[in-house]
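Trainee: Below is the structure, and that's it, no one-letter string:
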């Protein structure tokens with residue numbers, strides 16, 4: 001076997017001294033650079049403003065929510081009804097649970113009122129979207145920016161130009177892919193990209209665009225192993241709520257984990273069996289609303305008067321409770337309220353939602 005010749009290089013003391021000095025100089029320069037950045041950050045670029053809200057003037061349009069055309073959706077997104085303007089929501093959830101589909105379905109609902117929406121996709125190409133619209137044709141009317149078509153351009157500039165006209169709703173899908181694209185073209189760290197995106201959203205929240213539109217943002221984001229959204233606090237603080245889309249067996253639901261405009265931890269079940277979009281389980285939502293109302297009455301110490309209780313749960317004179325679709329009983333039919341064992345006869349509701357078997 002041929003042996004490889006090994007060479008040994010002996011450094012002189014002078015060489016060792018020069019290498020050590022170069023290392024110290026490099027470390028010193030890096031320290032100076034970091035110190036300069038910290039010192040520069042101390043310099044204010046604009047004066048501090050201490051705000052008293054009572055002295056502020058607001059455009060009344062800012063507090064007029066976007067109607068979604070679905071009673072259940074309107075109730076889900078705010079206590080007043082509708083999707084709030086100038087609000088930034090992050091959408092997280094299990095793979096395949098329907099995050100993008102839900103976001104696009106809501107965008108299509110917003111468009112029905114004549115408002116403009118924009119879908120920024122860093123994950124799909126035109127062919128993918130075409131296949132998507134074969135199932136949900138109304139998505140084909142949504143203006144879409146495919147970031148993969150601008151690999152040779154600065155992503156910051158592309159997004160700035162694309163958002164200039166002003167939109168009622170903008171969807172980022174997904175934030176991680178957008179950040180990766182930014183890092184590829186500029187070399188910036190993800191934290192820097194997050195700060196820039198937060199600043200861009202805040203600008204359009206204020207209506208600083210060509211149409212003076214107060215923009216709401218849906219930010220679809222991936223989750224880590226513990227199920228939490230990926231991102232730093234600088235991004236999370238720019239968000240008004242965390243919107244989950246999850247799978248539960250053969251059921252799909254969405255709920256707010258954190259939200260400033262409406263209820264949290266309340267599930268809205270849905271499926272993809274609509275004629276041209278998502279079908280939201282309005283009946284299950286209404287039953288849940290009635291149960292919450294009855295619970296609130298008891299917590300407040302108010303007696304559940306017999307007549308009021310009957311009206312709340314639509315009980316007729318024969319003690320029968322009204323049942324509407326999507327249960328397996330025809331609309332307008334009544335079933336006995338109490339059986340021999342004190343349970344509801346003729347109607348068994350699942351613990352959560354309506355299964356596919358019950359819907360068929």
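Mentor: On my side now, so go ahead. Keep in mind that what you see is a predicted model, and the values were worked out from it rather than measured.

Trainee: who's in contact with residue 263?
Mentor: Residues in contact with residue 263 (Cβ atoms under 8 Å, 6 or more residues apart in numbering) are 79, 256. In this view, the C-beta of every residue, glycine as well, is placed from N, C-alpha and C.

Trainee: Test for you: state the pLDDT assigned to it.
Mentor: With respect to pLDDT, residue 263 scores 89.

Trainee: On the three-state scheme, it is what?
Mentor: Under DSSP: H, G, I helix; E, B strand; the rest coil, residue 263 falls in the coil class.

Trainee: ditto for residue 253
Mentor: strand.

Trainee: how is the chain carved up into domains?
Mentor: Domain segmentation of the chain under automatic domain parsing yields 54-280, 285-359.

Trainee: Would you single out the least confident of the ones you listed?
Mentor: Of all the domains of the chain, the minimum mean pLDDT falls on domain 285-359 (a mean of 55).

Trainee: wait, what's in contact with residue 212?
Mentor: Counting by Cβ under 8 Å, 6+ apart, residue 212 touches residue 166.

Trainee: correction: residue 241
Mentor: So residue 241 contacts 87, 89, 90, 256, 257, 258, 259, 260, 261 (Cβ under 8 Å, 6+ apart).

Trainee: Let me have the domains of the chain in a markdown table, extended by distance to residue 17.
Mentor: Converted to a markdown table, those look like this (distance: least, Cβ to Cβ, whole Å):
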| stretch | distance to residue 17 |
| --- | --- |
| domain 54-280 | 35 |
| domain 285-359 | 73 |
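
Trainee: winner for burial among the ones you listed?
Mentor: When the domains of the chain are scored by mean count of other Cβ atoms under 10 Å, the highest mean neighbour count falls to domain 54-280 (a mean of 17).

Trainee: Quick one: distance of it to the chain centre.
Mentor: 6 Å (Cα atoms, centre = their mean, to the nearest Å).

Trainee: What's the end-to-end length of that domain?
Mentor: 40 Å (Cα to Cα, to the nearest Å).

Trainee: same question, stretch 90-103
Mentor: Terminal residues of stretch 90-103 are spaced 11 Å apart (Cα to Cα).

Trainee: In the chain, mark out all the helices, start to finish.
Mentor: 13-42, 71-77, 99-111, 126-135, 155-163, 175-186, 190-205, 233-236, 282-299, 306-312, 356-359 (DSSP state H).

Trainee: Give the other helices and strands that the fifth one contacts.
Mentor: Contact here means 3 or more Cβ pairs under 8 Å, 6 or more residues apart in numbering; DSSP states H and E; on that basis helix 155-163 packs against strand 117-121, helix 175-186, helix 190-205.

Trainee: Can I get the ones you listed in JSON lines including distance to residue 297?
Mentor: Below are these laid out as JSON lines (distance: least, Cβ to Cβ, whole Å):
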{"stretch": "strand 117-121", "distance to residue 297": "40"}
{"stretch": "helix 175-186", "distance to residue 297": "42"}
{"stretch": "helix 190-205", "distance to residue 297": "38"}
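
Trainee: Could you report the separation of the closest residue to residue 198 other than its chain neighbours from residue 199?
Mentor: Distances taken as Cβ to Cβ, 6 or more residues apart in numbering place residue 238 nearest to residue 198, at 3.9 Å, with adjacent residues excluded. The gap separating residue 238 from residue 199 is 9 Å, by Cβ to Cβ, to the nearest Å.

Trainee: sorry, back to before: for residue 277, find the nearest of the helices and strands packed on helix 155-163.
Mentor: Residue 277 lies closest, by Cβ to Cβ, to one member of these: strand 117-121, at 14.3 Å.

Trainee: Paired strands for that closest one, with orientation please.
Mentor: Strand 117-121 sits in its sheet next to strand 143-146 (parallel), strand 169-173 (parallel), going by DSSP bridges.

Trainee: Nearest to residue 64 among the helices and strands packed on helix 155-163 would be which one?
Mentor: Using Cβ to Cβ as the measure, helix 190-205 is the one of the helices and strands packed on helix 155-163 that comes nearest residue 64, at 15.0 Å.

Trainee: Which strands and helices lie in contact with the closest one?
Mentor: Helices and strands touching helix 190-205, by 3+ Cβ pairs under 8 Å, 6+ apart, are helix 155-163, helix 175-186, strand 216-220, helix 233-236.

Trainee: could I get those as a markdown table with distance to residue 21?
Mentor: Below are these laid out as a markdown table (distance: least, Cβ to Cβ, whole Å):
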| stretch | distance to residue 21 |
| --- | --- |
| helix 155-163 | 40 |
| helix 175-186 | 34 |
| strand 216-220 | 49 |
| helix 233-236 | 39 |
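
Trainee: Residue 286: which of those is closest?
Mentor: Residue 286 lies closest to strand 216-220 among the helices and strands packed on helix 190-205, at 25.7 Å (Cβ to Cβ).

Trainee: Which strands or helices does the closest one pack on?
Mentor: Other elements packing on strand 216-220 under the criterion 3+ Cβ pairs under 8 Å, 6+ apart are strand 88-93, helix 99-111, strand 169-173, helix 190-205.

Trainee: quick one, the second one and strand 216-220 angle?
Mentor: Yep, that's helix 99-111 we're talking about. Going by axes from the mean of the first three to the mean of the last three Cα atoms, to 10 degrees, helix 99-111 is angled at 160 degrees with respect to strand 216-220.

Trainee: next one: the shortest one
Mentor: Put simply, strand 169-173 runs at 10 degrees to strand 216-220, going by the same axes, to 10 degrees.

Trainee: now the angle between helix 155-163 and strand 169-173, please.
Mentor: Using the same axes, to 10 degrees: strand 169-173 against helix 155-163 is 150 degrees.

Trainee: cool, the second one as well?
Mentor: Angle, helix 99-111 to helix 155-163, by the same axes, to 10 degrees: 30 degrees.
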